[in-house]
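J.: can you look at this prediction? I've put the sequence above it.
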Amino acid sequence: MIMIRPTVLAVFLLFYTATHGERYFHLGRSKGGNLGAPGGYNGEPLPAAQWFKQKLDHSSPSDQRMWKQRYFVNDSFYDFNNQGPVFLMIGGEGPADARWMIKGAWIDYAKTFKALCINLEHRYYGESHPTEDLSVKNLQYLSSSQALADLANFISAMNDKYKLNKNVRWIAFGGSYPGSLAAWLRLKYPHLVYAAVSSSGPLLAKVNFMEYYTVVVNALREKTGGEDCVTQLKIAHQQIAKYMDDNPKIVEKEFKVCKPFASASTLDIDNFYNSIADDFADLVQYNEDNRISADAKYKNLTINTVCNMLTADGSVPAYKKLAAFNSVVLDKTNQTCLDYSYDNMIKDLRNMTWPAGGRQWMYQTCTEFGFYQTSSAEVEVFGNRFGLDFYTKQCEDVFGKKYNGDFIAAAAEWTNNYYGALDIEVSRVVFVHGSVDPWHALGITKTQDNDAPAIYIKGTAHCANMYPSSADDSSDLIEARVEIQQYLAKWIGQV
Ligand SMILES: *[C@@H]1O[C@H](CO)[C@@H](O)[C@H](O)[C@H]1NC(C)=O
Ligand SMILES: *[C@@H]1O[C@H](CO)[C@@H](O)[C@H](O)[C@H]1NC(C)=O
Ligand SMILES: *[C@@H]1O[C@H](CO)[C@@H](O)[C@H](O)[C@H]1NC(C)=O
Ligand SMILES: *[C@@H]1O[C@H](CO)[C@@H](O)[C@H](O)[C@H]1NC(C)=O
């Protein structure tokens, strides 16, 4: 069990999600944006894993080292004589999950368009292990550009393997970081990929992603229709800050911390505040989506039920109500106490043994994207204890002194130059986002170009459009799925 608390941007988890839950696309304590596993899975048979011989370093023709990359295929809808489109689900910062091969919106589209469905796991995640361990030296081959080259190489090999004629159209799908990859694949390899559905993809690499918590706070307002929930959080924060000065024992007890604050370092305390905020990040990022929940008992943990907890019963102090939510999260994640130790977190992230946990995604944030969900913009609600330095220090402490703030800033700038950030020049890509998903702040939410339209769904969270439909779906979400299907029809039918 990975004890790293989520800090987020994540993406794609298949099987792993049920046990490790959403603590994935949060990055270590740095958040990623993982996609969860689709809801509605009832033990149906799943396709077996297949393995593709992949090149380790696409940037070096003379480097002949190879490794095995995992993929899954569902060919049940495909007519090999009368070849239709190929749908490619792009793997991201978590294990590929075979359940996505039989469930989810893309499977419904595949039935309609008689598509061949393929899911390729991202290098360095799940069971796709290019190197013997995750040492910094070996991690040099972990990057979005190597992942895109994997996809290009794979597409070309599958065209041969399945004897696909050259008019067959590949359509890329992805949610969260793979949503970005879907758009970037179309950008860099337009001759291989005809169109893409890019869900919840952050296209702008930003080191200080302070907007994340602003969307979290706004989502609380949007979903509850008022200020009360946010006000209670502010009051709770003031009370906690005061007790931390005068009587920390009270906070220790209510928040069930693993060790007394008397022995805590400054970084530990920063981490404590980050943990509490993180719980809200998770709550909002995955609000009411149709995902497999590790435990049905927690299915009712939504923005509305948690805000009801915080705003109910005026006689209970706000910090105690917040602590009650913290206790529910500890239960849900099977933790007996809140471990806010900075050193324990760094120790986990330094572990170079497969399968690791947050280390790979953290490496990508330190070397490509930043995406640090700092407290800079929402100090009143979550305090000011996890600013940018708190995150860049983690990069240095985990990977070495070289990975400092200047290094990360330069890396993110290069990423934006390399892909074009929000000025990406692509056609036949639809960008899909939800108003309650903090990641929309780094994506394209307005149509600027009719060849690359945007769909902005009011009220939905991270990757909501990708999950199987459910009776609880809002009309906006239903409409978005239909609109995506219309784009697919146009692109697949277009000669
Ligand atoms: C493909 O998906 C359909 C729909 O869920 C499922 O019935 C079928 O078994 C799957 N085929 C394979 C080969 O997994
Ligand atoms: C969720 O439901 C359980 C009972 O099934 C209840 O004990 C719990 O208080 C509920 N949680 C919230 C946040 O409403
Ligand atoms: C917590 O433990 C229960 C029971 O052992 C298990 O079913 C569940 O998957 C665990 N949850 C997590 C997040 O590890
Ligand atoms: C490192 O991770 C591996 C695999 O998850 C685990 O078995 C091992 O105990 C970890 N090592 C340390 C020192 O935590």
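T.: On my side now, so go ahead. Ligands and ions are numbered 1, 2, ... in the order given.

J.: doesn't P468 make contact with W106?
T.: No: W106 is not in contact with P468 according to CB atoms under 8 Å; the separation is 10.1 Å. The way it works is simple: take the backbone N, C-alpha and C, and place the C-beta from them, glycine included.

J.: any weak-confidence spans in the protein?
T.: Within the chain, the stretches with pLDDT under 70 are 1-34, 293-295, 494-495.

J.: residues of it that sit close to ligand 4?
T.: 351, 353, 355 (CB under 6 Å from any ligand atom).

J.: just checking, the second one is part of a helix?
T.: No: counting by DSSP: H, G, I helix; E, B strand; the rest coil, T353 is not found in a helix; it is coil.

J.: phi, psi of it?
T.: The phi/psi pair for T353 (degrees, to the nearest 10) reads phi -90, psi 140.

J.: can you check the last one too?
T.: P355 has phi and psi values of phi -90, psi 0 when expressed as degrees, to the nearest 10.

J.: Y456: what secondary structure?
T.: Under three-state DSSP, Y456 falls in the strand class.

J.: next: the one 5 residues further on.
T.: With three-state DSSP as the basis, the three-state label of A461 is coil.

J.: adding neighbour count and distance to ligand 2, write the residues of the chain next to ligand 4 out as CSV.
T.: Converted to CSV, the residues of the chain next to ligand 4 look like this (neighbours: other CB atoms under 10 Å; distance: CB to the nearest ligand atom, whole Å):
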residue, neighbour count, distance to ligand 2
N351, 16, 34
T353, 9, 37
P355, 16, 32
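
J.: in terms of secondary structure, what does the strand or helix carrying S156 contact?
T.: According to DSSP states H and E, S156 maps onto helix 144-161. Using 3 or more CB pairs under 8 Å, 6 or more residues apart in numbering; DSSP states H and E, the elements in contact with helix 144-161 are strand 50-55, strand 66-74, strand 86-90, strand 116-120, helix 177-188.

J.: how far does the longest one sit from the chain's center?
T.: Relative to the mean C-alpha coordinate of its chain, helix 177-188 is positioned 14 Å out (CA atoms, centre = their mean, to the nearest Å).

J.: just want the angle from it to helix 144-161.
T.: For helix 177-188 against helix 144-161, the angle by axes from the mean of the first three to the mean of the last three CA atoms, to 10 degrees is 70 degrees.

J.: heading C-terminal from helix 177-188, find the next helix or strand.
T.: Following helix 177-188 in sequence, per DSSP H and E, is strand 195-199.

J.: give me the residues contacting that following strand.
T.: Strand 195-199 has contacts (CB atoms under 8 Å, 6 or more residues apart in numbering) with 106, 169, 171-176, 179-180, 182-183, 185-186, 426, 428-433, 463, 465-466, 484, 487-488, 491.

J.: now list the buried members of those.
T.: 106, 169, 171-176, 179-180, 182-183, 185-186, 426, 428-433, 463, 465-466, 484, 487-488, 491 (16 or more other CB atoms under 10 Å).

J.: inside helices: which ones of these?
T.: In this view, the buried ones among the contacts of strand 195-199 that belong to helices under DSSP state H are 106, 179-180, 182-183, 185-186, 484, 487-488, 491.

J.: neighbours around the residue in the stretch 251-400 of the chain positioned nearest to ligand 3, how many?
T.: For the stretch 251-400 of the chain and ligand 3, the shortest gap (CB to the nearest ligand atom) falls at N334, measuring 3.7 Å. By other CB atoms under 10 Å, the residues close to N334 number 12.
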